[in-house]
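Asker: For reference, the sequence and a predicted model appear below.
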Amino acid sequence: MNISIRLLQENELTTADRTFRLAFGTFIGLPQPSDFGSDANYIQPRWQIDPTAAFAAFVDGQLVGSNIAANWGSVGTFGPLTVHPDFWNQGIAQHLIEPAIAKFAQWGTRQAGLFTFPNSPKHHALYQKFGFYPRFLTFIMTKPIEASPQDLPLIKYSQLNPQQQADCLKECSQLTDAIYSGLDLSREIKAVQAQNLGDTVLLWDETGLAGFAICH
């Protein structure tokens with residue numbers, strides 16, 4: 001089997017998205033695996049942020065998987081890591097992790113991490129080969145949203161003029177840096193704005209920016 005890895009191209013995003021949904025839907029046992037994620041778009045928005053950090057795996061010329069790394073200043077992450085079910089257990093995932101690790105080295109990443117299935121020893125073993133070990137569970141929850149009056153000084157990033165947005169990004173970077181040295185989510189904020197994925201909600205107090213939420 002001839003496996004090759006190169007950058008994922010824009011005209012391959014649709015195929016990469018189909019493969020991603022099929023792989024995740026198959027793993028969790030959906031009756032129709034391709035329905036995984038519904039209308040959520042995972043691959044294209046991440047690719048748009050940095051196409052030089054999006055990698056595709058090919059077997060004999062067929063796109064069978066992808067992986068996308070993200071640069072958050074001193075922090076790096078990657079995913080979704082996807083391999084077509086017909087090509088599982090053939091080492092392709094390892095080939096897709098290697099260029100992401102190389103990107104972290106290029107970026108000078110000091111803290112790297114990822115999200116995976118906590119109940120899957122197979123996934124744990126894969127990532128442990130690259131020095132990633134489970135630390136804690138992250139709970140993903142949903143709730144219905146109801147409108148209610150708020151007295152909090154909230155503003156949306158999209159409501160700011162270009163100079164205010166530039167100043168706001170600096171304040172956001174200062175806030176995240178106080179949480180973890182070098183952590184910077186500016187790319188995520190700008191990507192949401194540029195791709196019209198949602199907005200970033202900013203909360204201010206008498207001292208300045210107190211918090212923000214990047215909302216898709």
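Answerer: Great, that's in hand. As the structure is a prediction and not an experimental result, all values here were calculated from the model.

Asker: what is the mean pLDDT for stretch 74-89?
Answerer: Stretch 74-89 shows a mean pLDDT of 97.

Asker: What residues sit buried inside that stretch?
Answerer: The neighbour-count check on stretch 74-89 (16 or more other Cβ atoms under 10 Å) flags 74-84, 87 as buried. In short, each C-beta sits where N, CA and C put it, glycine included.

Asker: Tabulate the residues you listed in JSON lines, adding columns for distance to residue 127.
Answerer: Output for the buried residues of stretch 74-89, formatted as JSON lines (distance: Cβ to Cβ, whole Å):
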{"residue": "74", "distance to residue 127": "20"}
{"residue": "75", "distance to residue 127": "17"}
{"residue": "76", "distance to residue 127": "14"}
{"residue": "77", "distance to residue 127": "12"}
{"residue": "78", "distance to residue 127": "10"}
{"residue": "79", "distance to residue 127": "11"}
{"residue": "80", "distance to residue 127": "13"}
{"residue": "81", "distance to residue 127": "9"}
{"residue": "82", "distance to residue 127": "15"}
{"residue": "83", "distance to residue 127": "14"}
{"residue": "84", "distance to residue 127": "19"}
{"residue": "87", "distance to residue 127": "19"}
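
Asker: Quickly name whichever of these is closest to residue 154.
Answerer: Distance to residue 154, by Cβ to Cβ, is smallest for residue 75 among the buried residues of stretch 74-89, at 26.0 Å.

Asker: The closest one touches residue 110, doesn't it?
Answerer: Yes. Using Cβ atoms under 8 Å, residue 75 makes contact with residue 110 at a distance of 7.4 Å.

Asker: so what sits against both of the two?
Answerer: residue 182 (Cβ atoms under 8 Å, 6 or more residues apart in numbering).

Asker: Centre of the chain to the lengthiest strand in the chain, how far?
Answerer: In the chain, ranked by residue count with DSSP state E as the criterion, the top strand is strand 62-72. Centroid separation for strand 62-72 versus its chain: 10 Å, with Cα atoms, centre = their mean, to the nearest Å.

Asker: Sheet-wise, list the partners of that strand with their directions.
Answerer: Sheet pairing for strand 62-72, assigned by DSSP bridges, gives strand 54-59 (antiparallel), strand 75-78 (antiparallel), strand 82-83 (antiparallel).

Asker: low pLDDT regions in the protein?
Answerer: Counting by pLDDT under 70, the chain shows low-confidence ranges at 150.

Asker: could you pull out the strands for it?
Answerer: 3-7, 54-59, 62-72, 75-78, 82-83, 111-113, 154-156, 199-205, 208-215.

Asker: which other residues reach the shortest one?
Answerer: By Cβ under 8 Å, 6+ apart, the surrounding residues in contact with strand 82-83 are 16, 19-20, 23-24, 57, 64-67, 92-93, 96.
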